[in-house]
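A.B. asks: I need the structure of the sequence given here:
(one chain, ligands or ions: 1)
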Amino acid sequence: MQFTADILEQRLSSVLKEITGSEFPAVVRPSANPEFGDYQSNGVMAAGKKTKQNPRQLAEKAAERLDVSDICEKPEIAGPGFINFRIKPEYMSRALLEVAADPERLGIDEVQIPKKVVVDYSGPNIAKEMHVGHLRSTIIGDCICRLLEFAGHNAVRQNHIGDWGTQFGMLCALLERKKESGEEVSMALSDLESFYREAKKLYDEDEKFAQTARAAIAGLHRGEQFWKQSWIDIIEESRKHYSQIYQRLNVTLTREDERGESAYAEDLQGIVEQLRQKGCAEESDGAVCVFPEGFTSKDGSPLPFIVQKSDGAFLYATTDLAALKYRIEKLGADEIVYVTDARQMLHFRMLFAAARLAGIAQNQNLRHITFGTMLGEDGKPFKTRSGDTVKLKDLLEEAVERAYSVVNQKNPGLSEDEKKSIAEAVGIGAIKYSDYSNSRTTDYIFSFDKMLSMDGNTAPYMQYACARVKSIEKKAKEKGIDADGEIEGLQKIELAEEAERDLALHLLKYGLAIRGALAEYKPNFITAYLYELAQKFSAFYTNCPVLSSQGITRSSRLILCRLTHQTLRHGLKEILRIDVPEKM
Ligand code: ARG
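C.D. replies: Just a heads-up that it's a prediction; the model follows:
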């Protein structure tokens, strides 16, 4: 069904066209201040200015001609030419009944022109533990995919893992050495971080080892089976680590979505050739570089985007150009979204510019979706007490442990199994939700206490709100009230109280929140919407008794409860993929 804001906007825009003779968007949005009505148009001023008419008079004329009596009261003019709309309860009732009849999509249509969007996210580096930066990329990227899919687009997930590069020479060399000395290999790999450190140390200190490592990388690049097997073993071990994390985070990335740097190894020479042929790469100090326009270093000289070093080696940039080409040519992307922290901003800006220069990308939309740094409570980048980077696995474990004690305190009577599964949902949910609820682009302070608090915009508060709404229907049943029957038979939703009206109006804005989140790829639009919904529900529930009322009032309130539950649940579970326990 069409969003209320869109219907009003269309009708007003066509009236503006009738009056002025040209196209002006009426720009209808929910009002920031309920005193001015529920929706507001602020496009009339621009129309007035452009056509040299007094905007207020134009607004009056337009409001006079506008027929929206099926939706709202008589529109009101305010200030220099705003038009305010107050929605009629009968309209809300009709719209909500439509939403109720469509529990899967909650009345939100799929887009008419679906795009194919490649979403590049997570991208852990093999043989290094995933750190908090990968956490943000993983969950934000996943939410973007879910939003796109819900809207009807085709999201193609790509996990650009760091599985290629010179460090593999030393890793493979060390693995070989361990195999030779009869050491148990799976043990050696179970802690990839220390394996990496050991290899690095040997590489720096032992020339013979360094030689083997160089031979290994050369052999690997030539595709020698001997070295390839070690490389496969190392990746497989690493994959075990991160797939466990994906599973726990409840994200939708699978093995099929993995296409790491190594997948492009064969294409890199060709990319450099292509750039040279197009005349957009040149040699500079022995290296092959692209100099896209508009990028300069501090001293004003053009900044190089290096694609091949003087020793012939290719770089992160070369691989990214090859990946971009693959995504456009083979995957047919209309849009490519890269989710990484803001520190890679320059890399992606130059990548996009170079790709366009070389004709690899044309009219495709290329977007770098950045995020800020996760900070410790001291305001510095998040580290362990000893100053190491925090391992994601430990972080998730701690969240679940802390959630367990919250659950245990709140509800000691639950069985051990129940406590454990609620703790998992709350702990993981808290980490995800607190990340989503912060504006993606800013740094934020990671605080277990805050994210596990039962008050405020947190996962446990939202999960609790959801469980509480659900429990109303359970109580209804106990009282012998047939909620299903009452809801099904309802012809009209009564919205007499201010709190009912407020809740109803907000329920009808879920689609707008989804659309806003998609436009900017900002999950916090969803959390903000859901939090407001929980608050409005709370006000409604305090002011409007449900089970002790009678007749149409009770049925109307029951349906408001159900719609609230469905919407909360949809946002949490389907979009954010945060589990919602039945009870808490
Ligand atoms: N592995 C990279 C890192 O850890 C992230 C990969 C991002 N994707 C890309 N196509 N460059 O920083």
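
A.B. asks: please enumerate the strands of the stretch 351-500 of the chain.
C.D. replies: 365-371, 374-375, 444-445 (DSSP state E, counting those that start in this stretch).

A.B. asks: now the chain
C.D. replies: Under the criterion DSSP state E, the chain carries strands at the ranges 28-30, 39-41, 76-78, 82-85, 116-120, 154-158, 281-284, 287-290, 305-308, 335-341, 365-371, 374-375, 444-445.

A.B. asks: make a markdown table from the ones you listed and add mean neighbour count, mean pLDDT and distance to residue 269 to it.
C.D. replies: Any C-beta I mention is one placed from the backbone N, CA and C, and that applies to glycine too. Putting the strands of the chain into a markdown table (neighbours: other CB atoms under 10 Å; pLDDT from 0 to 100; distance: least, CB to CB, whole Å) gives the following:
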| stretch | mean neighbour count | mean pLDDT | distance to residue 269 |
| --- | --- | --- | --- |
| strand 28-30 | 18 | 96 | 52 |
| strand 39-41 | 24 | 97 | 57 |
| strand 76-78 | 17 | 95 | 65 |
| strand 82-85 | 24 | 97 | 61 |
| strand 116-120 | 23 | 98 | 23 |
| strand 154-158 | 21 | 98 | 22 |
| strand 281-284 | 16 | 94 | 12 |
| strand 287-290 | 22 | 96 | 11 |
| strand 305-308 | 24 | 97 | 9 |
| strand 335-341 | 22 | 97 | 23 |
| strand 365-371 | 19 | 98 | 24 |
| strand 374-375 | 20 | 92 | 38 |
| strand 444-445 | 16 | 93 | 42 |
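
A.B. asks: I'd like those strands laid out as a markdown table, including distance to residue 228.
C.D. replies: Converted to a markdown table, these look like this (distance: least, CB to CB, whole Å):
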| stretch | distance to residue 228 |
| --- | --- |
| strand 28-30 | 57 |
| strand 39-41 | 62 |
| strand 76-78 | 71 |
| strand 82-85 | 66 |
| strand 116-120 | 25 |
| strand 154-158 | 23 |
| strand 281-284 | 30 |
| strand 287-290 | 27 |
| strand 305-308 | 24 |
| strand 335-341 | 29 |
| strand 365-371 | 33 |
| strand 374-375 | 36 |
| strand 444-445 | 42 |
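
A.B. asks: who wins for proximity to residue 197 among the strands of the stretch 351-500 of the chain?
C.D. replies: Closest approach to residue 197 among the strands of the stretch 351-500 of the chain (CB to CB): strand 374-375, 23.6 Å.

A.B. asks: elements contacting the closest one?
C.D. replies: When contacts are defined as 3 or more CB pairs under 8 Å, 6 or more residues apart in numbering; DSSP states H and E, strand 374-375 sits against helix 132-151, strand 444-445.

A.B. asks: coming back round to it: residue 137 is nearest to which of the strands of the chain?
C.D. replies: Within those, the stretch nearest residue 137 is strand 335-341; the backing value is 4.9 Å (CB to CB).

A.B. asks: how far off helix 132-151 does the closest one point, in degrees?
C.D. replies: Angle of strand 335-341 versus helix 132-151, following axes from the mean of the first three to the mean of the last three CA atoms, to 10 degrees, is 150 degrees.

A.B. asks: got a list of contacts for strand 335-341?
C.D. replies: For strand 335-341, the surrounding residues in contact (CB atoms under 8 Å, 6 or more residues apart in numbering) are 115-121, 123, 133, 136-137, 140-141, 144, 324, 327-328, 348, 364-373, 521.

A.B. asks: and the strands of the stretch 351-500 of the chain as JSON lines, adding distance to the ligand?
C.D. replies: Formatted as JSON lines, the entries for the strands of the stretch 351-500 of the chain read as follows, by distance: least, CB to the nearest ligand atom, whole Å:
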{"stretch": "strand 365-371", "distance to the ligand": "10"}
{"stretch": "strand 374-375", "distance to the ligand": "15"}
{"stretch": "strand 444-445", "distance to the ligand": "19"}
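
A.B. asks: please convert those to JSON lines, extending it with distance to residue 87.
C.D. replies: Output for the strands of the stretch 351-500 of the chain, formatted as JSON lines (distance: least, CB to CB, whole Å):
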{"stretch": "strand 365-371", "distance to residue 87": "34"}
{"stretch": "strand 374-375", "distance to residue 87": "41"}
{"stretch": "strand 444-445", "distance to residue 87": "36"}
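
A.B. asks: lowest average confidence, helix or strand, in the protein?
C.D. replies: The least trusted helix or strand in the chain, going by mean pLDDT, DSSP states H and E, turns out to be helix 185-190, with a mean of 77.

A.B. asks: got a pLDDT number for residue 220?
C.D. replies: The model reports residue 220 with a pLDDT of 89.

A.B. asks: do the same with residue 94
C.D. replies: Value for residue 94, per-residue pLDDT: 97.

A.B. asks: how far away is it from the ligand?
C.D. replies: 47 Å (CB to the nearest ligand atom, to the nearest Å).

A.B. asks: contacts only, for the nearest residue to residue 12 once chain neighbours are set aside.
C.D. replies: Spatial nearest neighbour of residue 12, chain neighbours left out: residue 26 (3.6 Å); criterion: CB to CB, 6 or more residues apart in numbering. The neighbours of residue 26, taking CB under 8 Å, 6+ apart as the test, are 8-9, 12-13, 16, 41, 43-44, 83.

A.B. asks: can you report phi and psi for the closest residue to the ligand within the chain?
C.D. replies: Proximity of the chain to the ligand (CB to the nearest ligand atom) peaks at residue 123, 3.0 Å away. Main-chain torsions, residue 123, degrees, to the nearest 10: phi 50, psi 50.

A.B. asks: then the one 5 residues further on?
C.D. replies: Note on residue 128: its backbone torsions stand at phi -120, psi 140 [degrees, to the nearest 10].

A.B. asks: that one contacts residue 192, correct?
C.D. replies: Yes: here residue 128 reaches residue 192: they are 7.0 Å apart, a contact under CB atoms under 8 Å.

A.B. asks: higher neighbour count, these two?
C.D. replies: Set side by side, residue 128 and residue 192 show more neighbours around residue 192, with 19 against 16, by other CB atoms under 10 Å.

A.B. asks: can you give me the end-to-end span of stretch 435-446?
C.D. replies: Counting by CA to CA, to the nearest Å, you get 8 Å between the two ends of stretch 435-446.

A.B. asks: same check on stretch 451-464?
C.D. replies: Stretch 451-464 end-to-end distance (CA to CA) = 14 Å.

A.B. asks: with stretch 512-531 instead?
C.D. replies: 15 Å.

A.B. asks: give me the buried positions along it.
C.D. replies: Using 16 or more other CB atoms under 10 Å as the test for burial, stretch 512-531 gives 512-515, 517-518, 521-531.

A.B. asks: name the residues of the protein found near the ligand, please.
C.D. replies: 120, 123, 125, 160, 162, 320, 323, 338, 340 (CB under 6 Å from any ligand atom).

A.B. asks: among those residues, find me the one that's closest to residue 297.
C.D. replies: residue 320 (20.3 Å).

A.B. asks: so that closest one makes contact with residue 351?
C.D. replies: Yes: with contacts counted by CB under 8 Å, residue 320 reaches residue 351, the gap being 5.2 Å.
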